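J.: the following block contains a protein sequence and its predicted model.
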Protein chains: 2
Amino acid sequence: MSQKIIELGDELMIKFVDLYEKTLKENGYKLTNQRRVVLETLYNRVGEHLTAEEVHQLVKMVNPEIGLATVYRTLQLLSELGLIDKLNLDDGVVRYEIGEMETKHRHHHLICEECGTIMGVDDDMLDALEEAFSKKYGFKVTDHVVKFYGVCKSCLQKQGS
Amino acid sequence: MSQKIIELGDELMIKFVDLYEKTLKENGYKLTNQRRVVLETLYNRVGEHLTAEEVHQLVKMVNPEIGLATVYRTLQLLSELGLIDKLNLDDGVVRYEIGEMETKHRHHHLICEECGTIMGVDDDMLDALEEAFSKKYGFKVTDHVVKFYGVCKSCLQKQGS
DNA sequence: ATATCTGCAAATAGTTTGCATGGCC
DNA sequence: GGCCATGCAAACTATTTGCAGATAT
C-alpha cells in the first residue's frame, strides 16, 4: 500500500529516520507508517512541546486515518526507545518533544509563569552536580529531570516598560 | 461540635499547626477540622509521598466522614499556600508531602528505579546553578524542580552481593 | 504465515464540579 | 446571619485496553 511521505529536503531528517528504523528493528518492532508519521511530525515541530491530542491533530493532516489510541501507543513507544522525550508540567497533560540527538546532554526546561512559554535549554552544568549527589548519598544517578520556573526575558522586558 | 484532635506531644507539630492557622486566616480561608486533619496526617508521615487516595484513607481513620473531594480540595489549597509540596513522578498520580519549614532550600528527590523508593534530599547545590541560568538566559528563576533517577544505596548493595 | 499493529469504541483512573446542607466567623 | 466549606454523586479528562481486521516481515 503506497503512502505519502513527508518531503524531507533535509539531511538531518534523513539521519533521524534512519535512526528510527534502526532502533525499531533492533528492538523487534515493526516499521509502520503511523510510527514514522508521528516521529516526522515531532521532528517538524522541534522546540515545541506537544500533547498527544496536538500530535494527533497534526498527524491527521498527513494521514487522516490514524487514530488517537495509536498516537498514544506510538508516543509511549518512541519515548521508551529514547527517540523522543516526555515532559510533564503538572498541568494534567503529558507533552512530548524530539530529543536532542547531537548531544549527550539531557536538556532542561525554563517555564515562564507569565506567558506559559516552555524553553528548552541544553546545558551540562548538572553533570557535576549529579556526580556530587552520587558520592554524597551513595545513589547511582542514571538520569535527571530539571525544571526552572520563573519569568522569561520578554515578559521581564514587558514588565519593565 | 466536638472533634477528636490527634495527640501532638511535639513542639514542632504545635508550631506547624500555628503556621497553618495563621496562613489560612491571612488568606481569608476558614479554619476547618478537615483542613487541620489533612495537614496533621501529612505531618505524621513526614518523608512519605502520599497520593490523594492514600491521604483520604489515613484521614478517614481520624474522621470517617471526610470525603475524597474535600481531601483533593484541601491538598490543592494547602499546596497553593505553600504549607505542603506537590510532587509528580510521571506515574499517573500526584503526590503530596510536608514542605520543609526550617530551611529555605527547596528539596529534591532521588527516585530509585529498582525499588521505587523516593528519597527527599535537602541541598543548596542548585542555588548557584539557578543564578547562572538567570544570567545566561535572561530568565528570572523563582522556583525549580529537580528529580534524580537511578539506583539507591541499598539496591546497589543487593546487586553487589 | 503469523505475530504484531491499528482503529474503533468502551473502559478506566484520577481529579473536578454542582448543588443542597452544614459549620465557621 | 451570611457566606464559605463539605459531602455526595455525577461529570470530566486524559489515557488505556479489548478485540476484530489489516499489515509488516
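T.: Received the coordinates, thanks. Given the structure is predicted, the values throughout are model-derived calculations rather than measurements.
J.: who's the closest residue to A:L89 other than its chain neighbours bridged to?
T.: Distances taken as C-beta to C-beta, 6 or more residues apart in numbering or on different chains place A:I111 nearest to A:L89, at 6.4 Å, with adjacent residues excluded. Backbone N, C-alpha and C define where each C-beta goes, glycine included. Under DSSP bridges, the beta-bridge partners of A:I111 are A:I118, A:Y149.
J.: separation between A:I111 and DNA strand D?
T.: With distances taken as C-beta to the nearest atom of the strand, to the nearest Å, A:I111 is found 17 Å from DNA strand D.
J.: from memory that residue sits against A:C155, does it?
T.: No. Using C-beta atoms under 8 Å, A:I111 makes no contact with A:C155, being 11.7 Å away.
J.: now chain A, which segments are flagged as low pLDDT?
T.: Applying pLDDT under 70 to chain A picks out residues A:1-10, A:12, A:100-106, A:124, A:161.
J.: try it again with 80
T.: Along chain A, segments meeting pLDDT under 80 span A:1-16, A:99-107, A:121-130, A:132-133, A:160-161.
J.: give me the domain ranges for chain A.
T.: According to automatic domain parsing, chain A comprises the domains A:1-102, A:105-161.
J.: helix or strand: which one has the closest residue in space to A:V17 that isn't next to it in sequence?
T.: Distance criterion C-beta to C-beta, 6+ apart; nearest residue to A:V17, sequence neighbours excluded, is A:R36 at 6.8 Å. With elements taken from DSSP states H and E, the one containing A:R36 is helix A:33-43.
J.: packing partners for that helix?
T.: Helix A:33-43 sits against helix A:11-26, helix A:52-62, helix A:68-80, strand A:94-98, with contacts defined as 3 or more C-beta pairs under 8 Å, 6 or more residues apart in numbering or on different chains; DSSP states H and E.
J.: which SS class is A:H144?
T.: Taking DSSP: H, G, I helix; E, B strand; the rest coil as the rule, one finds A:H144 in the strand state.
J.: what separation is there between the residue nearest to A:V17 and A:L87?
T.: According to C-beta to C-beta, to the nearest Å, A:R36 and A:L87 sit 22 Å apart.
J.: if we can go back for a sec, give me the more crowded residue out of A:I111 and A:C155.
T.: A count of neighbours by other C-beta atoms under 10 Å in any protein chain shown puts A:I111 above the other of A:I111 and A:C155, at 22 against 18.
J.: now the residue minimising distance to the centre of chain A, which residues is it bridged with?
T.: In chain A, the residue lying closest to the centroid (C-alpha atoms, centre = their mean) is A:E97, at 1.9 Å. Applying DSSP bridges to A:E97 gives these bridge partners: A:D85.
J.: for the one 10 residues further on, same thing?
T.: When assigned by DSSP bridges, A:H107 has beta-bridge partners A:D122.
J.: what's the neighbour count on it?
T.: Using other C-beta under 10 Å, A:H107 has 17 neighbouring residues.
J.: what does A:K135 give?
T.: Other residues within reach of A:K135, judged by other C-beta under 10 Å, total 9.
J.: likewise for A:V71?
T.: 25.
J.: for the residue nearest to the centre of chain A, give me its contacts.
T.: By C-beta atoms under 8 Å, 6 or more residues apart in numbering or on different chains, the contact list for A:E97 reads A:42, A:45-50, A:84-85, A:87, A:120.
J.: please apply the same query to A:D90.
T.: A:D90 makes contact with B:86, B:88, B:94, according to C-beta under 8 Å, 6+ apart.
J.: got phi/psi on the second one?
T.: Recorded main-chain torsions at B:N88 are phi -120, psi 120, according to degrees, to the nearest 10.
J.: DNA strand C versus the closest residue to it other than its chain neighbours, what's the distance?
T.: Distance criterion C-beta to C-beta, 6+ apart; nearest residue to B:N88, sequence neighbours excluded, is A:D90 at 5.2 Å. A:D90 sits 10 Å away from DNA strand C, going by C-beta to the nearest atom of the strand.
J.: look at A:D90 and give its secondary structure.
T.: coil.
J.: angles on the backbone of it, please.
T.: Per-residue torsions, A:D90: phi 60, psi 20 (degrees, to the nearest 10).
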